[in-house]
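K.L.:
coordinates only, sequence not included:
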């Protein structure tokens, strides 16, 4: 079952990149010109939209790709990491201190298994699961708020797991903006390695606690 999920996820990642090119006829010069016009408001708007989308449980992979598409690789990685981490913190705080009933109603069946796995793996489980694109980012944010994970483990696991987790997808976006197939190919390979590596690491970290 896990093998099928991994294959499906990789296919979806590839289709996301292809669909952006197919739908867009994206012209990087026009896109970058629009970003320049917005000035400092461009990253602010992007970060706010990313946070809102994550809170609403929309898929994060297209958002990560769009960061590279809009800002290029370096700044795209920076602003996407800021946005993803802020969204993770906001959702976690809401679930832990304000929205317990809503989160339990929404993800009740998922929480028990998640809590057990986090209890066994701790910070390393949070780190590893952030690398997995097949785990919805928003659901983990809410779910973790009602588990036994400490705020410290959640924060550091999220920070150190989010950055490498978004890396290949921002690279895909930057490659599409440049019209270069090489970064897209490299990033797709990195995403595949990340997926298999994170799955192995997650299982290993759980095993260490047993």
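P.N.:
Happy to help now that I have it. Computed from a predicted structure; not experimentally measured.

K.L.:
Just after the lengthiest helix in the chain, pick out the following helix or strand.
P.N.:
Determined from DSSP state H, the single longest helix within the chain is helix 100-130. Sequence-wise, the next helix or strand downstream of helix 100-130 (DSSP states H and E) is helix 137-145.

K.L.:
So what angle separates the directions of that next one and helix 100-130?
P.N.:
Per axes from the mean of the first three to the mean of the last three Cα atoms, to 10 degrees, the angle that helix 137-145 makes with helix 100-130 is 110 degrees.

K.L.:
any chance you could map the helices in this protein?
P.N.:
2-24, 28-38, 41-55, 61-71, 73-97, 100-130, 137-145, 151-178, 181-209.

K.L.:
I'd like the mean pLDDT over the first one, please.
P.N.:
Translated: helix 2-24. In this model, helix 2-24 carries a mean pLDDT of 47.

K.L.:
what do you get for the third one?
P.N.:
Looking at helix 41-55 alone, the average pLDDT works out to 89.

K.L.:
Contacts for it next, please.
P.N.:
35-36, 38, 60, 63, 66-67, 70-71, 75, 79-80, 82-84, 86-88, 90-91, 94, 137-138, 141 (Cβ atoms under 8 Å, 6 or more residues apart in numbering). To be clear about C-beta, it is placed using only N, CA and C from the backbone, and glycine gets the same treatment.

K.L.:
let's see 6 Å
P.N.:
Helix 41-55 is contacted by residues 35, 63, 79, 82-83, 86-87, 91, 138 when judged by Cβ atoms under 6 Å, 6 or more residues apart in numbering.

K.L.:
May I see the buried residues of that helix?
P.N.:
Residues of helix 41-55 classed as buried: 42-43, 46-47, 50-51, 53-54 (neighbour count, 16 or more other Cβ atoms under 10 Å).

K.L.:
Show me which pair in those is furthest apart.
P.N.:
42 and 54 (18.7 Å; Cβ to Cβ).
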